[in-house]
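Asks: coordinates for the following, if possible.
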Amino acid sequence: MSMMKSLHASAFGLAFALSSAVPAVLSVAPAHAAVLAKVNGQVITDEDLKLAAQDLGQNIPQQLQGKARDAYILDYLIDGDLVAQKAEAEKLDQTPDFPKKVAYYRQKLLMEALLSKVAKQAETEEAMKKVYDAAAKAQKPEMEIHARHILVATKAEAEAALKRIKAGEDFAKVAKEVSKDPGADGGDLGWFTKERMVPAFAAAAFKLKPGQVSEPVQTQFGWHIIKVEGERETKFPPFDKVKDQLERYVVQKAQAQLISELRKGAKVERFDTPATPATPAKPDASKPATPAPATKK
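Replies: As a prediction, this is how the structure comes out:
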């Protein structure tokens, strides 16, 4: 999903507020919309349901599907209309702040609408492949290794573990029994490049060939025994695996460019709140006072 796809147009969330800003509440649905309910004459249509579903997003219980999901959203719309009508009856739309909030959310919706339009125009296959090809060309292959380790607190413990391995015991078995690293099953660290590990560990690990076991290595975490299981060169991930990231990148870049261009062509004046003046120092009685400069007229 693109960045703007995740920006729910808060139209429904504001519908209750905006309904009070129009001359009258509509009681007739558009010809192409199916009426699902009426609340004191206020119609709720299938289009309202779709908009509310978009606005609620992940707030809809995941276990609700199909008709149960639609019923949940419809209840939300009905309750919302009832609350909004009550608020209007109490003339809460006539409070000083209400028009300001309507104007604020109208501007927000317009912003989201334009950014959504830019996002749809930007997220083309051609644009994503262009970014992908440039990144793939710039990425140089790196060596990475698959390794296991045993982590203990002291050098003596590390030497004892190494002695068992040299005697023929399985590395993973020894790791399960004595290693203090609970996150590595049998000491397995998976595949990693050199920069992903602390320097002392990486220096020792990348000197080993597959099947070799290190002498005890000390890091800030303790003492390690390292075994390299395999080595390979990194490969740039295929297009389909990074497509979502590419989509986010081209969308964010297009939106940032739009905002940058708008700023360049606009006259923006800032009127920042003045900083709170510092508390004046008490005059030193031993020194003569400095006269204030004359004010220019």
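Asks: and the next helix or strand past the lengthiest strand in the chain?
Replies: With secondary structure taken from DSSP state E, the chain has its longest strand at strand 222-233. Using DSSP states H and E, the helix or strand that follows strand 222-233 towards the C-terminus is helix 243-264.
Asks: picking that back up, what about the longest strand of the chain, average pLDDT?
Replies: Mean pLDDT, strand 222-233: 97.
Asks: packing partners of it?
Replies: Counting contacts by 3 or more CB pairs under 8 Å, 6 or more residues apart in numbering; DSSP states H and E, strand 222-233 is packed against strand 143-152, helix 155-166, helix 199-205, strand 217-219. Bear in mind the C-beta positions are built from the backbone N, C-alpha and C, glycine included.
Asks: relative to strand 143-152, how tilted is the second one?
Replies: Translated: helix 155-166. Between helix 155-166 and strand 143-152, the angle comes out at 120 degrees (axes from the mean of the first three to the mean of the last three CA atoms, to 10 degrees).
Asks: contact partners of helix 155-166?
Replies: When contacts are defined by CB atoms under 8 Å, 6 or more residues apart in numbering, helix 155-166 is touched by residues 150, 152, 171, 174, 178, 213, 215-216, 218, 223-225, 227.
Asks: mind doing that once more with 7 Å?
Replies: For helix 155-166, contacts defined as CB atoms under 7 Å, 6 or more residues apart in numbering pick out Ile150, Val152, Phe171, Val174, Val178, Val213, Pro216, Trp223, Ile225.
Asks: mean confidence score for the helix or strand hosting the fourth one?
Replies: Counting by DSSP H and E, the element that carries Val174 is helix 171-178. Confidence over helix 171-178, taken as the mean pLDDT, stands at 96.
Asks: who are the packing partners of the helix or strand harbouring Asp133?
Replies: With elements taken from DSSP H and E, the one containing Asp133 is helix 125-138. Packing partners of helix 125-138 (3 or more CB pairs under 7 Å, 6 or more residues apart in numbering; DSSP states H and E): helix 243-264.
Asks: same list (the helices and strands packed on strand 222-233) but as CSV, adding mean pLDDT and distance to Asp240.
Replies: Compiled in CSV, the helices and strands packed on strand 222-233 are given as follows (pLDDT from 0 to 100; distance: least, CB to CB, whole Å):
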stretch, mean pLDDT, distance to Asp240
strand 143-152, 97, 22
helix 155-166, 97, 41
helix 199-205, 97, 31
strand 217-219, 97, 38
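Asks: re the thing from before, how about the longest strand of the chain: buried residues?
Replies: Burial within strand 222-233, assessed by neighbour count using 16 or more other CB atoms under 10 Å, is assigned to Gly222, Trp223, His224, Ile225, Ile226, Lys227, Val228, Glu229.
Asks: same question, stretch 42-56
Replies: Within stretch 42-56, judged by 16+ other CB under 10 Å, the buried ones are Gln42, Val43, Ile44, Thr45, Asp48, Leu49, Leu51, Ala52, Ala53, Asp55.
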